[in-house]
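>>> Fold the following.
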Amino acid sequence: MSDAYDQVAIVTGADSGIGKATAVALAEQGFDVGITYHRDREGAEDTAAQVRGLGQVPAVRRHDLTDPERASAVVDELAEELGGVGVLVNNAGTGTSEPLLEMGYERWRSVLAVDLDGAFLCAQRAARRMVASGRGGRIVNVTSVHEEYPRVGAGPYCAAKGGLRMLSRVLALELAEHGITVNSVAPGEIATPMTGQEDLPPQPGTRPGYPVPRPGDAREVAAVVAFLASPSSSYVTGTTVFVDGGLGLMGPQAAGALDSGGWRTG
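Numbers count the residues shown, from 1 in each chain. Got it, this is the predicted structure:
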């Protein structure tokens, strides 16, 4: 695998949470960073300021993945502005909290458009550029523990993340000959705005049903993404790295319902 790929990373949904932390971590590794956002331009500009403060070049674009074909063009725009693309991190996502029997088709499709269709189209555009350059690259798809474990009320989210896991594996097979690795990172509960925690520091002892009894920090996920984006990960492809504090060992649906740590005594 080549380690000479463009030192340019594009991170979708980098206005807050895992995306923001990832953009900063990649800037610390020497990448210029393309930053996308949906609604929070102020958050995206703050990410850009942090990237700039690390001596790297940021570029910001609005990115509405409910129209994934149009939105994916942002990958080419950012690549043109920054001079290439060596890393794509598909992080942007959305979810639901609604039983499937009460869900309209439009809502179902909107989640899949953002979480699966958008990731496919962005990966396709980035990979085409990586192949054309002949220098290889890295694609990292941020999924969730729910790529494997179901959750009540999150039907389209689980379906999309499971699909993204398999999409990552097929892309890994098809792109390996071009020096491009494709992997997934599956976070558990992370203290971010998406989980209603507004990037607050995770509080120890607040999740008695989790092996590591707290939510994760976005920077803990970003560190794994940054490794998979680096030349050091050149022999890792087609896999998922769970960053969940052991949540998958418990079963996320049940673990979240436990109100004590009595299970630890067997």
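>>> now the helices: where do they sit in the stretch 101-250 of the chain?
Counting by DSSP state H, counting those that start in this stretch, the stretch 101-250 of the chain has these helices, from start to end: 105-112, 118-133, 155-175, 218-228, 247-250.
>>> So which of those is the most surrounded?
Among the helices of the stretch 101-250 of the chain, helix 218-228 has the highest mean neighbour count (mean count of other CB atoms under 10 Å), at a mean of 22. Backbone N, C-alpha and C define where each C-beta goes, glycine included.
>>> quick one on the thing from earlier: redo the helices of the stretch 101-250 of the chain as CSV? Include mean pLDDT.
Below are those laid out as CSV (pLDDT from 0 to 100):
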stretch, mean pLDDT
helix 105-112, 96
helix 118-133, 98
helix 155-175, 98
helix 218-228, 97
helix 247-250, 89
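>>> closest one to residue 81 among those?
Distance to residue 81, taken as CB to CB, is lowest for helix 118-133 among these, at 13.0 Å.
>>> For that closest one, list the C-alpha coordinates in CSV.
Output in CSV follows, covering the C-alpha atoms of helix 118-133 (Å, rounded to 0.1, in the frame of the first residue of the first chain):
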residue,chain,number,x,y,z
GLY,A,118,-24.5,9.8,0.6
ALA,A,119,-21.6,7.8,2.0
PHE,A,120,-21.5,5.6,-1.2
LEU,A,121,-21.6,8.6,-3.6
CYS,A,122,-18.9,10.5,-1.6
ALA,A,123,-16.7,7.4,-1.5
GLN,A,124,-17.1,6.9,-5.2
ARG,A,125,-16.1,10.4,-6.0
ALA,A,126,-13.1,10.3,-3.7
ALA,A,127,-12.0,6.9,-4.8
ARG,A,128,-12.1,7.8,-8.5
ARG,A,129,-9.7,10.7,-7.7
MET,A,130,-7.4,8.4,-5.7
VAL,A,131,-7.3,5.8,-8.4
ALA,A,132,-6.6,8.5,-11.1
SER,A,133,-3.7,9.9,-9.0
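>>> which residues touch that helix?
Residues external to helix 118-133 that are found in contact with it (CB atoms under 8 Å, 6 or more residues apart in numbering): 5-6, 10, 12, 65, 68-69, 71-76, 79, 84-86, 88, 90, 92, 136-137, 139, 141, 164, 167, 171, 175, 178, 180, 182.
>>> Give me the angle between it and helix 155-175.
Using axes from the mean of the first three to the mean of the last three CA atoms, to 10 degrees, the inter-axis angle of helix 118-133 relative to helix 155-175 is 10 degrees.
>>> And the strands in the chain?
Under the criterion DSSP state E, strands of the chain are mapped to 8-11, 32-37, 58-62, 87-90, 137-142, 180-187, 240-243.
>>> Turn these into TSV, columns for mean neighbour count.
Formatted as TSV, these follow (neighbours: other CB atoms under 10 Å):
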stretch	mean neighbour count
strand 8-11	31
strand 32-37	28
strand 58-62	19
strand 87-90	30
strand 137-142	28
strand 180-187	26
strand 240-243	20
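>>> Same list (these) but as CSV, adding mean pLDDT and distance to residue 113.
Below are the strands of the chain laid out as CSV (pLDDT from 0 to 100; distance: least, CB to CB, whole Å):
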stretch, mean pLDDT, distance to residue 113
strand 8-11, 98, 19
strand 32-37, 98, 15
strand 58-62, 97, 16
strand 87-90, 98, 13
strand 137-142, 98, 16
strand 180-187, 98, 19
strand 240-243, 98, 22
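>>> Understood, closing this out.
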